[in-house]
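> Compute the structure for the input listed below.
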Amino acid sequence: MQLQLRAFPITAVMAAFFMIIGGGASAAGAPIISSMSPTSGPVGTVVTITGSGFLGATSANSGMGFYLPSPGHWVKGGTVAVVSAIQVRYTIPAGGSGSGQIYIGNLNSAGFAPMPFNVTTAVSGAPPPPVAPPPPVAPPPPVTAAPNVTVTVSPTNTHPISPYIYGMNFAASAAGAPPALTFDRAGGNRWTAYDWETNASNAGSDYLYESDSYLSASSVPAAAVTSVINADQSKGMASLVTFQMQGLVAGDELGPVSVASPPLMTRFKKVVDQKNTVSGAAFTATPSAIDGNVYMDEFIWTLNEKFAGQNIFGTSPSSHHVFAQLDNEPELWNTSHLEIQGSTLVTPSAYIAKTISLATALKTQFPDLVIFGPVHYGFYGIYSWSGAIAGVTPSGNNWFPDLYLPAIKAASVKFGRPLVDVYDFHWYPESTDGSGNRITSLNGPTLTAAQVQAIVQSPRSLWDTTYRENSWITSAIGQPIYILGRLQSRIAKENPGMKVSITEYNNGGAQHIAGTIAQADNLGVFGAQALFAANLWPLQANESYLLAGFRAFRDFDGANHNFGDTSVHATSSNVGNVAVYVSTDSARPGRVVMVAINRSTTAQITAITGQPLSGTAHLFRMTAATAAAQSTVEPVAAGAQAVSGSSLTVTLPALSVTTIDIY
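Next up is the predicted model:
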């Protein structure tokens, strides 16, 4: 441990620390000291301290010390032994006498003991009094009441969890991004009309249909993309890069483009999938910026050259994977990119032809490239291509995927390998609170009970055949949405090897514990339903509660421990109240990690049965109460208990997320 001596004036030090801990409430990551024994003794006394947040206290960036208000200084020295996340032993250092405060600190914050420690003067020559061994950490009281919910685990029903479900858009640059993210996406409306040769792009309807240098002011070809990949690689993340498919990209950076009679061709360049279809010229990483064309196969070739030797588009890169996405939300091009598409919707057949052409060009260069498409904007695009497909019925085999999947399969057979590897869509729930307020707009700190339930139940529309949300979608189709099941059944029929991803999603609740619950539930669903990848899209600057959902699965204890990599099937007797996601860890046989979610407004005694368990269950929890004391919402230690056999009973507080790490 590296002890820290604070040489500031007494008032400045105390003011700084109490600003951090909010006058006694712990800030994010701050250790909390709740009690200590003894409370007096000479130098060398070993004090047993209990509380929370002590794991990792031995790191070089942590500090522990003793503050003497008279004469007003920090005392160096002392030793610390971390017994557990809720207990440490601290030896009082030499350097003064009198009454003072013990503190435990880290890079961002510190926790002071709420009671003083009195340093007494030992009798000369007398040995210090013997130190009693620390009392054992008390486990949570046993649950004796009958369970409200039973979760049945099927330990032989397992599948791998893709590492790419823990992703965000703007992951490398997002303020307050949660730890241990795995996947970043360079996507959105800005990338549809991106010219890789010059880095110009067009904002579309997001901002005045303006062409400018927003994505990168650099004149180096593909700099906007390589900067993202470089940042991702440095943070240990895979990347998803957008390749342009609509047909036109920004030809300049001269501001707004008229949409009176689109497209205004003097302002744009043409997208060509394969360079050799236009000329026999060789690829170059410095192409002409004035020839009127941009080539997609040359684009991906250039990216590979910039990361030469890393095999970023192959099956076994030396760094981290880079995947390809075929443009963005094509059913909306006639509104989001009116400047290049015009007001006419691209037809399903035209879109499928574009997909086959671009995917063929990219995979001709890199056969093992993983390609995502069609990147729907939401349910209506999947269902009927925004109304372009007539006669669609909720239970019929006449949705857009029923056109797309057979066509991609036939083209893949002709090409000799799959052209689209991942069926991708975006998911911003249309669910409302019953009063017309869509949950994606419910991002304040105060929500009604109906709004909370609309948010925390919303992930069920992804998979639950019994859950019917309050939205125009369920009113129109007259049944639950069940979107993942509907897609996966179609894929299994036509393209059994194709995976599923959701590269934009957000369920609201950005500043409320409801958002934490929904986001944690989303990640649990993604693993349980075997999604290949997922990327949260932030809807506003302050989403600390929503981002906390990641922390239930990633680095939940502050010591780099994560949810397991193998999903174990679990069924709840009342999923409307409680969901439990169960995993095992291929690197540590016998370790089981669960994330238990209580969406109800009352505590739920939950019996989890069927999974062999051995060792100690370490609990980490987020509730409205714990979050209120934090600037960055994250789990706090909630005790530990011995486990054995094949059952575990826990009491889940109202509106809470509890991670249970058993080893």
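> Any idea how far stretch 505-525 is from the middle of the chain?
Centre-to-centre, stretch 505-525 and its host chain are 10 Å apart (CA atoms, centre = their mean, to the nearest Å).
> any chance you could map the helices in the stretch 151-300 of the chain?
223-234, 296-306 (DSSP state H, counting those that start in this stretch).
> Just list the residues touching residue 657, thanks.
516, 517, 520, 549, 552, 595, 596, 597, 598, 621, 622, 635 (CB atoms under 8 Å, 6 or more residues apart in numbering). Bear in mind the C-beta positions are built from the backbone N, C-alpha and C, glycine included.
> For it, name its beta-bridge partners.
residue 597, residue 622 (DSSP bridges).
> What's the per-residue pLDDT of it here?
We have a pLDDT of 98 for residue 657.
> Looks to me like residue 519 is in a helix.
Yes - under DSSP: H, G, I helix; E, B strand; the rest coil, residue 519 falls within a helix.
> For the helix or strand containing residue 640, name the packing helices and strands.
Residue 640 belongs to strand 636-652 when assigned by DSSP states H and E. With contacts taken as 3 or more CB pairs under 8 Å, 6 or more residues apart in numbering; DSSP states H and E, strand 636-652 sits against strand 592-598, strand 604-622, strand 656-662.
> Tell me which of those sits most buried.
With neighbours defined as mean count of other CB atoms under 10 Å, these peak in mean count at strand 592-598, which reaches a mean of 27.
> Can you tell me what sits against it?
Applying CB under 8 Å, 6+ apart, the set of residues contacting strand 592-598 is 151, 517, 520-521, 523-524, 552-553, 561-564, 568, 577-585, 604, 606, 608, 611, 613, 650, 652-663.
> how much space between residue 593 and residue 450?
Per CB to CB, to the nearest Å, residue 593 is found 33 Å from residue 450.
> Sorry, wrong one. I was asking about residue 660.
30 Å.
> So which of the helices of the stretch 151-300 of the chain is the most surrounded?
Buried most deeply of the helices of the stretch 151-300 of the chain, by mean count of other CB under 10 Å, is helix 296-306, with a mean of 22.
> and the next element down the chain from it?
Downstream of helix 296-306 (by DSSP H and E), the next one is strand 322-326.
> What strands flank that following strand, and is each parallel or antiparallel?
For strand 322-326, using DSSP bridges, the partner strands are strand 238-243 (parallel), strand 371-376 (parallel).
> what would those strands look like in a markdown table with mean neighbour count and mean pLDDT?
Putting those into a markdown table (neighbours: other CB atoms under 10 Å; pLDDT from 0 to 100) gives the following:
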| stretch | mean neighbour count | mean pLDDT |
| --- | --- | --- |
| strand 238-243 | 25 | 98 |
| strand 371-376 | 26 | 98 |
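> could I get those strands as CSV with distance to residue 334?
Output for those, formatted as CSV (distance: least, CB to CB, whole Å):
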stretch, distance to residue 334
strand 238-243, 19
strand 371-376, 15
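> and of the ones you listed, who's closest to residue 306?
strand 238-243 (11.9 Å; CB to CB).
> Can you dump the C-alpha atoms of that closest one in PDB for me?
Extracted in PDB, the C-alpha atoms of strand 238-243 (Å, rounded to 0.1, in the frame of the first residue of the first chain):
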ATOM      1  CA  ALA A 238     -13.500  -4.400 -31.000                       C
ATOM      2  CA  SER A 239     -14.900  -1.900 -33.500                       C
ATOM      3  CA  LEU A 240     -17.900  -1.800 -35.900                       C
ATOM      4  CA  VAL A 241     -17.300   0.400 -39.000                       C
ATOM      5  CA  THR A 242     -19.900   1.700 -41.300                       C
ATOM      6  CA  PHE A 243     -19.600   1.200 -45.100                       C
END
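> okay, the angle between it and helix 296-306?
If you take axes from the mean of the first three to the mean of the last three CA atoms, to 10 degrees, strand 238-243 sits at 150 degrees to helix 296-306.
> Now do strand 238-243: everything it contacts.
Under CB under 8 Å, 6+ apart, the answer for strand 238-243 is 163-164, 167, 182-187, 191-192, 194, 225, 228-229, 232-233, 296, 299-300, 303, 320-328, 358, 362, 372, 503, 533, 535.
> are any of the contacts of strand 592-598 buried, and which?
151, 517, 520-521, 523-524, 552-553, 561-564, 568, 577-585, 604, 606, 608, 611, 613, 650, 652-653, 655-663 (16 or more other CB atoms under 10 Å).
> Check which residues of stretch 154-171 are buried.
For stretch 154-171, the neighbour count (16+ other CB under 10 Å) marks 161, 162, 163, 164, 165, 166, 167, 168, 169, 170, 171 as buried.
> quick check, nearest of those residues to residue 445?
Comparing the buried residues of stretch 154-171 against residue 445 with CB to CB picks out residue 168 as the nearest, at 22.2 Å.
> The closest residue to that closest one other than its chain neighbours: how many residues sit nearby?
Of all residues not flanking residue 168 in the chain, residue 536 sits nearest, at 4.7 Å (CB to CB, 6 or more residues apart in numbering). Residue 536 sits with 30 neighbouring residues when counted by other CB atoms under 10 Å.
> doesn't residue 167 make contact with residue 536?
Yes - the criterion here is CB atoms under 8 Å, and residue 536 meets it with residue 167 at 7.2 Å.
> What separation is there between the residue nearest to residue 168 and residue 636?
Relative to residue 636, and taking CB to CB, residue 536 is found at 23 Å.
> now do residue 249
For residue 249 relative to residue 636 (CB to CB), the value is 49 Å.
> repeat for residue 357
Counting by CB to CB - residue 357 and residue 636 are separated by 53 Å.
> Neighbour count for those two, which is higher?
Between residue 357 and residue 636, counted using other CB under 10 Å, the more crowded position is residue 636 (24 against 18).
> for residue 520, what are its contacts?
Taking CB under 8 Å, 6+ apart, one finds 549, 552, 553, 595, 597, 657 in contact with residue 520.
> Name the nearest residue to the first one, ignoring sequence neighbours.
Nearest-residue entry for residue 549: residue 519, 2.5 Å, with adjacent residues in sequence omitted and distances by CB to CB, 6+ apart.
> Near the residue lying closest to residue 214 once chain neighbours are set aside, how many other residues are there?
Spatial nearest neighbour of residue 214, chain neighbours left out: residue 201 (6.1 Å); criterion: CB to CB, 6+ apart. Neighbourhood size, residue 201 [other CB under 10 Å]: 26.
> And the longest helix seen in the chain, what's buried?
Of all segments of type helix in the chain, defined using DSSP state H, the longest is helix 348-365. Across helix 348-365, burial judged by 16+ other CB under 10 Å covers 348, 351-352, 354-363, 365.
> for stretch 206-216, same thing?
Those would be 209, 210, 211, 212, 214, 215, 216, for stretch 206-216 by 16+ other CB under 10 Å.
> want to throw those residues into TSV with pLDDT?
Formatted as TSV, those follow (pLDDT from 0 to 100):
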residue	pLDDT
209	98
210	98
211	98
212	98
214	98
215	98
216	98
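> From the residues you listed, which land in strands?
210, 211, 212 (DSSP state E).
> Distance-wise, check residue 583 relative to residue 527.
Counting by CB to CB, the gap from residue 583 to residue 527 is 7 Å.
> So for the two, which residues contact both of them?
With CB under 8 Å, 6+ apart, residue 583 and residue 527 have common neighbours 161, 563, 567.
> Residue 566 is in contact with the first one, correct?
What that stands for is residue 161. Yes - at 6.4 Å, residue 161 and residue 566 qualify as touching, with contact defined as CB under 8 Å.
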